[in-house]
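Q: missing the sequence, but the structure's below:
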């Protein structure tokens, strides 16, 4: 059984993360399908559809995490998305393709991929899985809600800072060009 305060905080934090990720992907829509293609995990003919479905799934998971009756389904979708992202990153790391744009929060950062990103997504998927545990029976107070909101706001400020500190140098356009030319054809 999970106390309702950590459960609410995790749900709100994941909803904020996934909602922001969906928004950033939609705001960088011109570049986003190319990011999906560069992962070279689906045929090019399907990459555009996958690029459209991912931000929709993120937004759906974010909304479901905010609505308590739908929270278990939202947690399942969030965990599935995050595990899929971890797998996509790991496959490309095994291929030695570290210079592709990770696509985190859209495509405008042009951030290469690194092993810490795999672990980040695995940890976030495990946090989402915690939401499948039943919540304790105590009622949340106004102070609990304020604490959850303050924690999520703090995490929202810290997340980009930690990502900036841990991220590798961005790939140059020439490196991206060479990586995209070297990807396997289907």
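A: That came in fine, so what should we check first? Note that the coordinates shown come from a computational prediction; the quantities given were computed from them, not determined experimentally. Numbering: from 1, shown residues only.
Q: wait, what's in contact with residue 47?
A: 33, 36, 37 (CB atoms under 8 Å, 6 or more residues apart in numbering). Every C-beta, even on glycine, is put in place using the N, C-alpha and C of the backbone.
Q: Which of the residues in stretch 1-14 are classified as buried?
A: By 16 or more other CB atoms under 10 Å, the buried positions in stretch 1-14 come out as 4, 5, 6, 7, 8, 9, 10, 11, 12, 13, 14.
Q: what residues does it touch?
A: 61-62, 65-66, 71, 74-75, 78, 124, 127-128, 130-131, 133-136, 138-140, 144-145, 147-149, 151-152, 155-156.
Q: ok, 7 Å please
A: Stretch 1-14 is contacted from outside by 65, 71, 78, 124, 127-128, 130-131, 133-136, 138, 140, 144, 147-148, 151-152, 155, using CB atoms under 7 Å, 6 or more residues apart in numbering.
Q: same question, stretch 141-151
A: Taking CB under 7 Å, 6+ apart as the rule, stretch 141-151 contacts 5, 8, 9, 12.
Q: how far out from the middle of the chain is that stretch?
A: 24 Å (CA atoms, centre = their mean, to the nearest Å).
Q: do the same with stretch 13-28
A: Per CA atoms, centre = their mean, the centroid offset for stretch 13-28 relative to its chain is 8 Å.
Q: what ranges do the strands span in the chain?
A: Read by DSSP state E, the chain holds no strands at all.
Q: what are the ranges of the helices in it?
A: 4-27, 32-38, 44-66, 71-94, 115-130, 142-166, 173-182 (DSSP state H).
Q: Output those helices as CSV; include the columns distance to residue 104 and mean pLDDT.
A: Shown next, in CSV, are these (distance: least, CB to CB, whole Å; pLDDT from 0 to 100):
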stretch, distance to residue 104, mean pLDDT
helix 4-27, 7, 93
helix 32-38, 10, 92
helix 44-66, 12, 96
helix 71-94, 9, 97
helix 115-130, 7, 95
helix 142-166, 7, 77
helix 173-182, 16, 71
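Q: Export the ones you listed to JSON lines and append columns for distance to residue 102.
A: Formatted as JSON lines, these follow (distance: least, CB to CB, whole Å):
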{"stretch": "helix 4-27", "distance to residue 102": "11"}
{"stretch": "helix 32-38", "distance to residue 102": "8"}
{"stretch": "helix 44-66", "distance to residue 102": "13"}
{"stretch": "helix 71-94", "distance to residue 102": "7"}
{"stretch": "helix 115-130", "distance to residue 102": "6"}
{"stretch": "helix 142-166", "distance to residue 102": "10"}
{"stretch": "helix 173-182", "distance to residue 102": "12"}
